[in-house]
Structures are given as structure tokens and as C-alpha cells.
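Q: Got a sequence here, can you build the structure:
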Amino acid sequence: MPLRLFWDKGVVLEYGGETLRFDSYRREGFLLVSHAHRDHTGGLRAKGEGRVYLTKPTLALYEAASGRKPQGEVKPVEYGEKFRVGVFQVEAFNSGHIFGSSGFLVEAGGVTVAYTGDLNFTGSLLTEPAQPVECDILVLEATYGSPQYCFPPRSSVYGRIVRWVVEEASKGRLPAFYVYPVGKAQELISLLNRYTRLQVYVHPKIAKVNRAHQAFEVKLEAETLGEAEPKPGEAVLVYPRSSLTYPRPRRVSPALATGWAVRYQWKGLEAFPLSSHADFTQLLEYVKASKPKKVYTCYGFSRIRASAIRRRLGLSAEPLPEGGGFKGF
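A: From the prediction side, this is the model:
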């Protein structure tokens, strides 16, 4: 009985008449959700009868960021926990992307399939590096899968951020970061708490996500904008990325923290190449550590990443096909 692995508004694995979906916007069959970013949680907003599996932090962060409960039955899982999902044997593992993010190792029909979700193969202030898992088939994200995306060491980026913040504050300015409210915001807050004496102020949306982290004993110290007034030269601000389009407070020095800063610049904005994803080199290292027989790439630079895996590692690799796919060894 063959397995089928393909893309259909998310990654889909079929076997034995049952369907397992990863980060899908559809809710037919069972759903595994890797982390709490909006582009991976569409299935939590969709109606359906299949059970949803995700880590406890991912559930808490989703609810804090979205202000809603997931649709349908939800089953929280732990890293290293093995559980049965219909005909599939599943184990969650750390993907290193944001707090609580996970990949999933699935066994069906004697074949092991590992889905990474978004991953980071270096540690951060809030996360451990992604855990490689040996498998027959690896479904690998390729957000920064092109050779032009090789990030500086995280420690050096941290240093650049701290120096810039302190310098702007010394000029009587309010340094302000516009970042993802889930994950990146909390990493920056932790960095600023540890290495500056400036008071951190956050947008109310980020404050809600902070409280969800704090429920898991993640230490984050920040005041909420609107409840307290930041003083130029004594504070640093953290806003959602979407707030860039709104008028900025006076004396603000705006900045971004994103992996795209390796290649792109933004007029009037400082930009730091801080990413919660693996870069081109780290993705290759992760593939080598996982020792797969076959690699399927998805998200971002899928074709470029698959080609690099074939040329540099000598492995069979291709972008995940749409509507059909792997049919067994």
C-alpha cells in the first residue's frame, strides 16, 4: 500500500485510506500544526472534524495572538512524545524556530517521514537549535534556501542591535523595532532586558503574547504602551511589523529585524539580519544530520534548495509536488 506525499494548501501525507496534514489550511483528516505564526495556523481557524495536534506553547501563543480558540478537538503534545494518529505513528521534535515550535516524525507502512516546519539550526536566547531526526524522507522548509542568504553569527547581530539601541537612546531618541509579534518580538525583548538598562515598551498585541510566554516561565520584562509613557533616551519600543504603516511617535528611530536584511535595505529604516529560520548553509547541515534517502522542499526557494541538495550532498531531492507525489520505495 503506497504512501502519497504532496502539497494541497499545506503538506499532505496519505496512507491506508487516512490523511495527515501538516500546517494546512484544510481540516480534512488529522492536522499537525508546527508553530504559532499565522501562515501556519490556518487549519486552526477552519471548520473540520479531524483532531489537531500541536505543542502546549504553540496552542497558548496562537490563542494569545489571534484572540480565539481553535476550531474542533485539540490535543496538546510534548517534544519526544510518541502518539498514534489513525494509521500513523507520530513523534514531535524541536524545530528551533520560535518558542514551542515543532517538527513531526511520522512512521507509516515501514517508512519514516520527517516534516520540519520552519526551522532554525542555531540557538537563540529563547530556543534551542532544531533537532535533526534520521528519516527515510525529509520534508524541508526552504524560506532562505538560496545561496545569497547566509546569516552572520547570531552573537554579532545581537551585538549590533544592542550598540545601535544604546547609541540612539544616548541621542535622546526612542529606538523602535517593528517585528513579528510572535517569536521575534520576544527574542528582542529578552536581548534588551539582558544587555541594556533601557525600559522596554511593547504594543498591547505583543503584551498578550508575552503573557503567554511568561505562563511557561519565560522571563520577559516590558511595559505596555498606553498604560505607561516612554521617555526618549530611557526607553526602547517594540511594535508589530504591521504598525510600520501608521504614523510614528516623535523622536522615534525605526528598525527592522529580519533575515531579508541580508539582501534588502529599507529607506529610512535600520535593518538587522536576525532570523528565526535556518540560512542556506544551516539547511544543508540539517539535511546531512538527518541522513534522509529522499528530500522534498517546500516554502520559499524550493527549486534552488532541491538543486543544491542534489549537487552538494548527492541526495535525491525535488520540490514537493502539487496534488500527488511519493509512492513508496
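Q: Quick one: the helices in the stretch 1-150 of the chain, in order.
A: 42-45, 56-66 (DSSP state H, counting those that start in this stretch).
Q: For the last one, buried residues please.
A: It refers to helix 56-66. Applying a neighbour-count criterion of 16 or more other C-beta atoms under 10 Å, one finds P57, T58, L59, A60, L61, Y62, E63, A64, A65, S66 buried in helix 56-66. No exception for glycine: its C-beta is placed from N, CA and C like everyone else's.
Q: Give me the contact list for stretch 263-276.
A: Residues outside stretch 263-276 that contact it (C-beta atoms under 8 Å, 6 or more residues apart in numbering): 97-98, 118, 120, 124, 127, 144, 148-149, 151-152, 154, 157-158, 160-161, 164, 178, 183-184, 187-188, 253-262.
Q: from those residues, which ones fall inside helices?
A: Residues of the contacts of stretch 263-276 located in helices (DSSP state H): R154, V157, Y158, R160, I161, W164, K184, E187, L188.
Q: could you flag which of these are buried?
A: R154, V157, Y158, I161, K184, E187, L188.
Q: Of all the helices of the stretch 1-150 of the chain, which one is nearest F301?
A: Among the helices of the stretch 1-150 of the chain, helix 42-45 comes nearest to F301, with 21.9 Å by C-beta to C-beta.
Q: elements contacting the closest one?
A: helix 56-66 (3 or more C-beta pairs under 8 Å, 6 or more residues apart in numbering; DSSP states H and E).
Q: ok so, going back, okay if I get the buried ones among the ones in helices among the contacts of stretch 263-276 as TSV plus pLDDT?
A: Listed next are those as TSV, based on pLDDT from 0 to 100:
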residue	pLDDT
R154	97
V157	98
Y158	98
I161	98
K184	98
E187	98
L188	98
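Q: Please identify the one among those that lies nearest to P2.
A: K184 (40.3 Å).
Q: The closest one contacts G259, correct?
A: No: applying C-beta atoms under 8 Å, one finds K184 not in contact with G259, separated by 10.1 Å.
Q: which residues sit in contact with the spatially most central residue of the chain?
A: Among the residues of the chain, the one closest to the centroid is H97, at 4.1 Å (C-alpha atoms, centre = their mean). For H97, the contacting residues are S34, H35, G117, D118, L119, N120, T127, A130, G183, S276, H277, by C-beta under 8 Å, 6+ apart.
Q: Drop anything exposed from these.
A: If we count by 16+ other C-beta under 10 Å, the contacts of H97 have these buried: S34, H35, G117, D118, L119, N120, T127, A130, G183, S276, H277.
Q: How many residues are close by R311?
A: 10 (other C-beta atoms under 10 Å).
Q: quick one: A130 and H97, what's the gap?
A: For A130, the distance to H97 (C-beta to C-beta, to the nearest Å) stands at 7 Å.
Q: overlap in contacts of those two?
A: L119, N120.
Q: ok so, going back, any idea which of the helices of the stretch 1-150 of the chain scores lowest on pLDDT?
A: For those, mean pLDDT drops lowest on helix 42-45, to a mean of 92.
Q: What residues sit buried inside it?
A: For helix 42-45, by 16+ other C-beta under 10 Å, it's G42, G43, L44.
Q: For the protein, which element, helix or strand, carries the lowest mean pLDDT?
A: Sorting the helices and strands of the chain by mean pLDDT, DSSP states H and E puts helix 42-45 at the bottom, at a mean of 92.
Q: what sits up against it?
A: Helix 42-45 is contacted by residues 9-10, 21, 23-27, 31, 33, 52, 62, 66, 68, 70-71 when judged by C-beta under 8 Å, 6+ apart.
Q: Restricted to strands, list the residues you listed.
A: Secondary structure from DSSP state E places R21, L31, V52 of the contacts of helix 42-45 in strands.
Q: export the residues you listed to JSON lines and tack on neighbour count and pLDDT?
A: As requested, these are exported to JSON lines (neighbours: other C-beta atoms under 10 Å; pLDDT from 0 to 100):
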{"residue": "R21", "neighbour count": "25", "pLDDT": "96"}
{"residue": "L31", "neighbour count": "29", "pLDDT": "96"}
{"residue": "V52", "neighbour count": "23", "pLDDT": "95"}
